[in-house]
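Student: Generate coordinates for the sequence data below:
(2 chains)
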Amino acid sequence: MNSEETTVAGQRSPEERRIGVYVCHCGGNISDYVDVKRVVEAVKDEPGVVVARDTIFACADATQQNMEEDIAQYGLDGLVVASCSPKLHTVTFRGVARRAGMNPYQYTQVNIREQDSWAHTDDPDGATHLAISLVKGGIARTRLTTPLEPLVVETTQKALVIGGGITGLRAAIGLADVGLEVFLVEKERELGGWVGRFGTMYPHDRSGHDLIAQLVAEVKRRANITVFTNAELMAKSGSFGNYVAAIRVNSDLPELIHVEVGSVVVATGFDTYQPEVGEYGYGIDGVVTLPEFKALIDASSGPLVYHGRPVKTIAYIYCVGSRQPGANEYCSRYCCAATAHAALQVSGLDRGVHQYHLYRDIRTYGKYELMYTDSRKHGSVYMKFPDDSPPAVARTESGTLIVTTRDTLTGGEELQIPADLVVLVTGMVPRKNDELMDLLKLPVGTDGFFNEIHPKLRPVETVVDGVLIAGACQGPKNSTESVASGLAAVTQSAAILKKGFAELDPLVATVDAAKCTWCEKCIDACPYSAIEKAEVAGRTVAAISPSICKGCGGCVPVCPEDAIDLRGYTDAQIRAVIDSMLEEPVA
Amino acid sequence: MSAVAAADVHEKHSGSVPRILVFSTNNISDPGIDLAGSQHMHYSAGVEVISLPCTSGIKPSWIAHAIDQGFDGVFIASDGDECAYLPDCAKRASRIVGQAQEMLKERGHDPQRIRMAAICSVCAEPFTRQVQQFSAALAALQAAGAK
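Tutor: Numbers count the residues shown, from 1 in each chain, chains lettered A, B, ... in the order given. Prediction:
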């Protein structure tokens, strides 16, 4: 059923189009500032417009029904709704078009609320002119739409999970429980990742080791999960919904195992920041990173002892390797809470330990604030050092470890803290995984972590359809947040795979073979390998695979022959929108 | 378009607020611009937005066309480093702006009529500030041209 995008025959010319325009009051959200009736009056005679109405709420069921009736009665083949942001109701009005038998890709949403009435509450006349201009632009764009059909792709009801840490394990269990066959690939010999090495962790005061053991037991109970440890993804072929993954199990064996999967969940986790020798005294005996300190706590059942010496005073230095201009500029988010939790653990082991926390800013967000407060109640002292004057660590000739700092909250006077142990509160850094990035074409942000499409709106999707990311490979997350994103990836996978087919947006790039001279510039512009050489009527030209193209349009401006267009954003449409907007003067 | 004709187009708008075409992006900067409206931040009603999937998909000729036809300036609310499609989006966008500026010079327009800034999905205040500043700069450009 893998059908290519098709255009429907019998399309009217732009001059003959029959377009319905609906301008929404949005209660008063728009009409309190935009003269909606004036907008309707100004656009009703635009070429192609056969119906123009104002409506109190365009999204109301009754209005949607009226639109459907208009589409049928007037034979509309274009729809313009001027209301709120397209982020809110594109799907709603595409649904109206579809139900009424109109092609949903011949509908245009014009944003006259967020980008007009609400931004110009001080200028009603200007807002009205702007609305007219924007609606005229929307009509011009609609005149040049072509009927498009989504790409329908059959999907294999199997999923590949890369990474057997807490995120990958939980995702694998979730995927199996929605009825998908799951292949879980872990690079190490053992499942569990970072969490499997930890003892008691925040926020639930449960042992990481026990949590992982429980998850592994759950994985083993499910016959539809196949686990490959000591394994790596070596190749990926096929396209959305039907990928073939080649897995090498045990690097000594040349054979690859090939599995067909519909989606891929990448949960490859993080690495911890490793300070340079000399950075805040790292390398001096008694200066350790947060993970090293955590291992010391987990191995202790009584008062802490480090290298045979009792630990009675601890100085924590925060933000080591995080929030550093020119280096890791991001906040690692988990480390403040993890340190407050570690301090509470230390207090539990030995109430007599003095603990000094030297911080830039404490970010124990949400309920983790309670841990911060609790650690203070147990004697932890927090001191804020200036950004431009971080603490210095040195071991004196007498062998004492000294931390020199300033506390800005008590006058900024220089303080010297003798410490038995200095803990550098290090954060998460992206795990180096160039091969996987290259194989899956995963986009990476400037921070080095994998990039989702949008952190809030589409938090586990990547621009590569069917390839999802979850956990700390996206950026610093604690175990709870990692599991939540793993479950989001499960939901997203289920949405893609459970129906047995998926629809892809047809707004992809196309090549006008008559104009193309096969200069190959577009090939270099596409990191997704969506463009290939093709023979058309005896000429070598570029051809774009609609199922691989991500619809970014990055190839469009590099074509010297103007032979590439992005559907929905064609050269003719953008120019027409610009021209039509300018027909309306500004106030 | 000749330099004289280019001046004519923009003289037509002198006295009114500068008209700015914004190219935003569906996933990154357009939500930021929406947020500015949602927070009722005010900027000139001469600012009009066309949203695209990615900044790297803007054709320099669209920018030149917009100025030729009467927009006083084009502001590119770019994805910056947050582009989900292309890791080198910022570099590509900068190349597109460079090409568009060359086109403007050839057509007798001031290349300062193009401005670009990275606008994220919550960059309501930076967007408002950027277009206000750009609007003021274009007004000054118009005033200088009128003299």
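Student: Give me the below-cutoff pLDDT ranges for chain B.
Tutor: Within chain B, the segments meeting pLDDT under 70 span B:1-15, B:146-147.
Student: And the residue of the stretch 351-500 of chain A that's closest to chain B?
Tutor: residue A:446 (4.2 Å; CB to the nearest CB). Bear in mind the C-beta positions are built from the backbone N, C-alpha and C, glycine included.
Student: Disregarding flanking residues, what is the spatial nearest neighbour of the closest residue to chain B within chain A?
Tutor: Scanning chain A for proximity to chain B using CB to the nearest CB identifies residue A:553 as nearest, at 2.4 Å. Excluding its sequence neighbours, the residue lying closest to residue A:553 (CB to CB, 6 or more residues apart in numbering or on different chains) is residue B:57, at 2.4 Å.
Student: I'd say the one you found and residue A:567 touch.
Tutor: No - in this structure residue B:57 lies outside contact range of residue A:567 using CB atoms under 8 Å: 11.8 Å.
Student: Now do the same for the residue most central in space within chain B: helix, strand or coil?
Tutor: Central residue of chain B (CA atoms, centre = their mean): residue B:75, 1.3 Å from the mean position. Here residue B:75 is strand, with the state taken from DSSP: H, G, I helix; E, B strand; the rest coil.
Student: now it, nearest residue through space, not along the chain?
Tutor: Closest to residue B:75 by CB to CB, 6+ apart is residue B:22, at 4.8 Å.
Student: Not counting the longest helix along chain B itself, show me its contacts.
Tutor: Secondary structure assigned by DSSP state H gives helix B:124-146 as the longest helix of chain B. If you take CB atoms under 8 Å, 6 or more residues apart in numbering or on different chains as the criterion, helix B:124-146 is touched by B:7, B:10-11, B:13-14, B:17-18, B:20, B:22, B:29, B:32-33, B:35-36, B:38-39, B:41-44, B:46-47, B:72-73, B:75, B:77, B:110, B:112-113, B:115, B:117, B:119-120.
Student: Quick one: mean pLDDT over stretch A:203-217.
Tutor: The pLDDT scores in stretch A:203-217 average 95.
Student: buried stuff in it?
Tutor: Residues A:207, A:208, A:209, A:211, A:212, A:215, A:216 are the ones in stretch A:203-217 that count as buried (16 or more other CB atoms under 10 Å in any protein chain shown).
Student: dump the residue contacts of residue B:76.
Tutor: B:22, B:23, B:55, B:58, B:93, B:96, B:97, B:114, B:115, B:116, B:117.
Student: What's the separation between it and residue B:21?
Tutor: 10 Å (CB to CB, to the nearest Å).
Student: helix or strand for the closest residue to residue A:29 other than its chain neighbours, which one?
Tutor: Closest residue to residue A:29 apart from its sequence neighbours, by CB to CB, 6+ apart: residue A:113 at 5.8 Å. Under DSSP states H and E, no helix or strand contains residue A:113.
Student: what about residue A:113, how many residues close to it?
Tutor: 24 (other CB atoms under 10 Å in any protein chain shown).
Student: Please apply the same query to the one 5 residues further on.
Tutor: Residues within reach of residue A:118, counting by other CB under 10 Å, total 24.
Student: Skip the chain neighbours and tell me the closest residue to residue 121.
Tutor: By default, I'm working from chain A. Per CB to CB, 6+ apart, closest to residue A:121 is residue A:33, 5.3 Å.
Student: try again with chain B
Tutor: Residue B:121 sits nearest to residue B:31 (CB to CB, 6+ apart), 4.1 Å away.
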